[in-house]
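A.B. asks: Predicted coordinates and the sequence they were generated for:
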Amino acid sequence: MIVTVCLTVALTLLIGGIALAVFVSYTKMPKKFPLPFQVFSVTVFLAGVALFVPMYAQQMAALGNDGLLYVLKVLLLSVHNTIRLFIVDGEFNIISDYFIENPAAPALQTVYTSVAVALFVTAPILTFSVILSLFRSAMAQVRYKMSLRSKIYIFSELNEQSLAVAKSLYEKDPKIRLVFTDVYRDDEETGSEYAAEAKKLKALLFKKDITAVNFYKKAENKAISFFLIGHDDAENLEQALWLYHRYLYRDHTHIYLFSTSPESELVFSSLRRDTDGGEAQRPVKVKLRRINEAQSLIYRNLYENGGRLFDNALPDGDVKKITAVVVGLGRYGENMTRALVWFCQMIGYRVVIHAFDKAPDMAERFTAQYPDLMNPDFNNDTLTDEDARYRIVLHPGVDVAGTSFSEALQALPDTTYVFVSLGDDERNIKTAVRIRQLFEGMRNRQGLLTDAAAKRFPPIQAVVYNSRKKEALTGVTNFRGEALDIDFIGDVESCYSEKVIIGSEIEQLALGRHTGLSKPEAEKREESFWRFEYNYRSSLASAIHKEMRRYCRLPGAEKEPEARDWETERLPLRMLEHRRWSAYMRSEGYTYAPVRNDLAKQHWYLVNFSDLSDEVTRWDDV
């Protein structure tokens, strides 16, 4: 009876352990959850204990043991022999001798001994795997200590994004040292592929969490950059805070936090100080930087490709009209909708933005977050030089796969730009192709497809995260060789690169805009540029728009403010800058109040240009 029970328990544990290990492997589990290897190892150990119980139960009974002490001795001896099993010192004869003395049914005896043999082979393999893992971690430590490379880049996880950043850094400077932590959490096929790619970069792979490895004393004079780039926003922030306090006074140390959460913005702003606030007022040396991937993509896209919006604007009376369609109001679509409002503030242009989303409460949520942006006093078609004017039309509860979306697009024949971001590569590609089909059919029925330029109208951009898909789709045609002319943006390799994250051209322009003073003052203002994202984002928007004014060849845009003619150049550009700034502030959620209160997002300069003092309007000389 006891043999049957113990065999059942052992088999249940083994089968359950295998199933649970497989489940953990293919499921996104919390970091604190055991690894598949650990889960399987525990079940193998418990199964071994169960198999040894009948043998020691018989031995202890023969010695006259009974009661609780008897049970305890049996369990301890079973655990002892299982431990010997894992260190290749187990004794199989205890099982074979038992069945010689206590013959059982042939089938039962065969299954029992077969399971025991499997455990005798499996347990040492698991032990060897643990030793090998420890050896790899130890060797990584040794290689790190012996590294003579000048710059060290340390990543909190090994994933698609961190690998893309590492590759771009290595391509620029093969002498750097790349380090990935928390590498062996995942035994999936993709994890193995990433590890293989990392080894090609001569990277060091640590099993431990980034906060568990001491990088401080190992490279006291070397530049170290930490990248908190995991998929868990909360964990990224927690790790960033730990590293900040650990490396507070270390020279040549940078921390890059990848996060889109408002919490991380507030926390980072409070941390960036010139001193630690203590009695000694020690200077804080570690440099912090938060990277909002969604905003970064939108701003960079407008800086590099935004001129097309003005090139494709259609005549509308005395001005040109930009009609933009944003499909999907997730993090990318919302950022694009808000950015288009200030980006398209340009002399001689007006802008109308149609935003579509499946969520029925989309309009209510958007309006609550950006009240003045949707205020009818500004959200209308009236053109003025005094304050920003635009028109945002929100279309909530619209399924892009349904007829209502098709009908809505057909009601917008003069669309000049389309942006698609639905949160999934496949849906984005499918929707972008469908939109191209709808506009082509609509314009063909109207007899407007008279030349190649008309066939490519309107320009369509779609977010495609997968770099391989983007590469395959670039220049794609139909069976007749006709190009779809869809611009796919947002892939991992483009967005997670040294050029974007560390050596950003836009950021350097924005930093110059923010400082723009004598060197001593510039150094002070540079700290506030990186410390407060209010300054960072505002300066980026200002720098991008300045480039667009030059692109549109506005009179005086190429000149310094002092060299501009007042009536034809200086005054119009001042008024334009106030329009842009007002639109930008409203896109950040600010409203007007007679007293400035940034906690309430209220600003006293959100008024018509003519209501500002001469001193204030001088700030618009850009």
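C.D. replies: Yep, it's here. Numbers count the residues shown, from 1 in each chain.
A.B. asks: Pro315: what secondary structure?
C.D. replies: Secondary structure assignment for Pro315 (DSSP: H, G, I helix; E, B strand; the rest coil): strand.
A.B. asks: residue contacts, the residue lying closest to it once chain neighbours are set aside?
C.D. replies: Closest residue to Pro315 apart from its sequence neighbours, by CB to CB, 6 or more residues apart in numbering: Lys321 at 7.6 Å. All C-beta spots, glycine's among them, are computed from the backbone N, C-alpha and C. The neighbours of Lys321, taking CB atoms under 8 Å, 6 or more residues apart in numbering as the test, are 313-315, 349-352, 414, 416.
A.B. asks: part of a strand, is Lys321?
C.D. replies: Yes: assessed by three-state DSSP, Lys321 belongs to a strand.
A.B. asks: gap between it and His354?
C.D. replies: 13 Å (CB to CB, to the nearest Å).
A.B. asks: and if you look at Thr110?
C.D. replies: 73 Å.
A.B. asks: Tell me which of these two has more neighbours.
C.D. replies: Higher neighbour count among Thr110 and His354: His354, with 21 against 11, using other CB atoms under 10 Å.
A.B. asks: quick one: the more buried one and Val327 touch, right?
C.D. replies: No: contact criterion CB atoms under 8 Å: His354 and Val327 do not qualify, at 9.2 Å.
A.B. asks: Wait, Trp342 touches Arg580, no?
C.D. replies: Yes: with contact defined as CB under 8 Å, Trp342 reaches Arg580; the gap is 5.2 Å.
A.B. asks: hey, what's in contact with both of those two?
C.D. replies: Joint contacts of Trp342 and Arg580 (CB under 8 Å, 6+ apart) are 388, 541, 545.
A.B. asks: Now for the last one: which residues touch it?
C.D. replies: This points to His545. 342-343, 345, 577, 580 are the contacts of His545 under CB under 8 Å, 6+ apart.
A.B. asks: Kindly report the same for Ile18.
C.D. replies: Contacts of Ile18 (CB under 8 Å, 6+ apart): 40, 43.
A.B. asks: where's it, which helix or strand?
C.D. replies: Here Ile18 sits within helix 2-25, counting by DSSP states H and E.
A.B. asks: As CSV, the contacts of His545 with secondary structure, neighbour count and pLDDT would be great.
C.D. replies: What follows is the contacts of His545, written out as CSV (DSSP: H, G, I helix; E, B strand; the rest coil; neighbours: other CB atoms under 10 Å; pLDDT from 0 to 100):
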residue, secondary structure, neighbour count, pLDDT
Trp342, helix, 25, 96
Phe343, helix, 27, 97
Gln345, coil, 25, 95
Glu577, helix, 21, 93
Arg580, helix, 26, 95
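A.B. asks: which among those residues gets closest to Ile125?
C.D. replies: Phe343 (60.3 Å; CB to CB).
A.B. asks: I figured that closest one was touching Met548, is that so?
C.D. replies: Yes: the criterion here is CB under 8 Å, and Phe343 meets it with Met548 at 6.9 Å.
A.B. asks: what is in contact with those two at once?
C.D. replies: With CB under 8 Å, 6+ apart, Phe343 and Met548 have common neighbours Gly306.
A.B. asks: in the stretch 451-600 of the chain, which spans are helices?
C.D. replies: With helices called from DSSP state H, counting those that start in this stretch, the stretch 451-600 of the chain shows them at 452-455, 467-473, 492-495, 498-501, 505-515, 519-531, 533-551, 571-587.
A.B. asks: Mean neighbour count, those helices: which tops it?
C.D. replies: helix 571-587 (a mean of 23; mean count of other CB atoms under 10 Å).
A.B. asks: Show me what that one is packed up against.
C.D. replies: helix 331-343, helix 533-551 (3 or more CB pairs under 8 Å, 6 or more residues apart in numbering; DSSP states H and E).
A.B. asks: Tell me what angle the last one forms with helix 505-515.
C.D. replies: To tie it back to what came earlier, the one meant is helix 533-551. On the basis of axes from the mean of the first three to the mean of the last three CA atoms, to 10 degrees, helix 533-551 is oriented at 110 degrees to helix 505-515.
A.B. asks: swap in the shortest one?
C.D. replies: Orientation check (the same axes, to 10 degrees): helix 331-343 against helix 505-515 gives 50 degrees.
A.B. asks: Many thanks, have a good one.
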